[in-house]
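In: Okay, predicted coordinates and the sequence, questions at the end:
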Amino acid sequence: MRESQKFEKSFDVQGGSFQNAGNVSGQIKSILKEMGVSTDIVRRVAIICYESEINIVSYAKKGTITLVVTDEAVKIETKDEGPGIPDIELAMKEGYSTATAAVREMGFGAGMGLANMKKYSDHLIITSEVGIGTCVTMIVMDFSKILHPDLPPLTL
Amino acid sequence: MQLDELVRALNLKVSCAEGSLKRQVRGGYVGDLLSDVMANSKEGDIWITRQVHQNIVAVASLKDLAGIILIQGSEPALDTAAKANAEGIPILVTDLPAFEIVGQIYKLINP
């Protein structure tokens, strides 16, 4: 992946800042669109980015979301300083949530976030340490570029 | 169908982004869970919801939705309205409950 890496940028996300939630996802979506990344990939990355952003805003003190773009894939990496996830398997179950009532009232915390992040990425890896924070790496592959490598590369 | 035609046909109140009504409405999605709307709505959908807080603007913008219809006469929160106007995301208001407005929209866009 590293050899064909074309672009990398990190964005800060402030915990509890619901008024800014979605801003980083919007910026990432714009960058990918400008790069000419295919609509389907942009759509999937927007979903996983937004869910990542909402998770940091809902649970963590602060975090970062890093976007990496290569010819064949988009990688989204999130790192937060938060409570951590004691049981990742349980947290991945659709419908399981530890969100507060205030967060649920806004239409979040339905236990769909991590499930959506898994559903719309091709690879998802979570590591978490209770009391320290959580890291999530998600990769969205552009299979058209792998199956048809003669397609012109993304222009930056 | 264009959004301004929908506004006229259903007598919707235009609460935000009056200048952005020349969008095509290709379909619709109903929901108050933002993750559900984020995952399942499609570009060009009109979104019917009772959520009025500012995060609805981010979802509509990220998903390239045609606009948002708030039901039961709900008005957008002040910060929601400011954000929607700034980003050109139309917010429309109906006095009807979701079931009734959705039925009418469905008939209009699937004649």
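Out: The structure has been received and is ready for your questions.
In: what are the ranges of the helices in the chain?
Out: Let's take chain A. A:23-35, A:39-59, A:88-92, A:101-105, A:113-119, A:143-147 (DSSP state H).
In: wrong one, I was asking about chain B
Out: Under DSSP H, chain B gives helices at B:3-10, B:34-40, B:55-62, B:78-87, B:98-109.
In: circling back: which one of the helices of chain A has the most crowded surroundings?
Out: Across those, averaging neighbours per residue (mean count of other CB atoms under 10 Å in any protein chain shown) puts helix A:39-59 on top, at a mean of 23. The way it works is simple: take the backbone N, C-alpha and C, and place the C-beta from them, glycine included.
In: residues in contact with whichever residue of chain A sits closest to chain B?
Out: Nearest residue of chain A to chain B, counting by CB to the nearest CB: A:G22, 2.6 Å away. By CB atoms under 8 Å, 6 or more residues apart in numbering or on different chains, the residues touching A:G22 are A:50, A:53, B:55, B:57-59, B:61-62.
In: what's it sitting at in phi/psi?
Out: With angles defined as degrees, to the nearest 10, A:G22 sits at phi 110, psi -20.
In: and of the helices of chain A, who's closest to B:Q2?
Out: helix A:39-59 (22.0 Å; CB to CB).
In: Show me how far the closest one is from its chain's centre.
Out: 5 Å (CA atoms, centre = their mean, to the nearest Å).
In: Report the angle between it and helix B:55-62.
Out: 160 degrees (axes from the mean of the first three to the mean of the last three CA atoms, to 10 degrees).
In: Quick check: residues of chain B near chain A?
Out: Within reach of chain A by CB under 8 Å from any CB of the partner chain, chain B has these residues: B:32-36, B:38-39, B:43, B:49, B:51, B:53-55, B:57-59, B:61-63, B:79.
In: contacting residues around the closest residue to chain A within chain B?
Out: Nearest residue of chain B to chain A: B:A58, at 2.6 Å (CB to the nearest CB). By CB under 8 Å, 6+ apart, B:A58 lies in contact with A:21-23, A:25-26, A:50, B:83.
In: Just give the number of residues close to the closest residue to A:G131 other than its chain neighbours.
Out: Nearest residue to A:G131 in three dimensions, chain neighbours excluded: A:G84, at 5.8 Å (CB to CB, 6 or more residues apart in numbering or on different chains). Neighbour count of A:G84, defined by other CB atoms under 10 Å in any protein chain shown: 17.
In: isn't A:G84 right up against A:T134?
Out: Yes. Judged on CB atoms under 8 Å, A:G84 makes contact with A:T134 at a distance of 5.8 Å.
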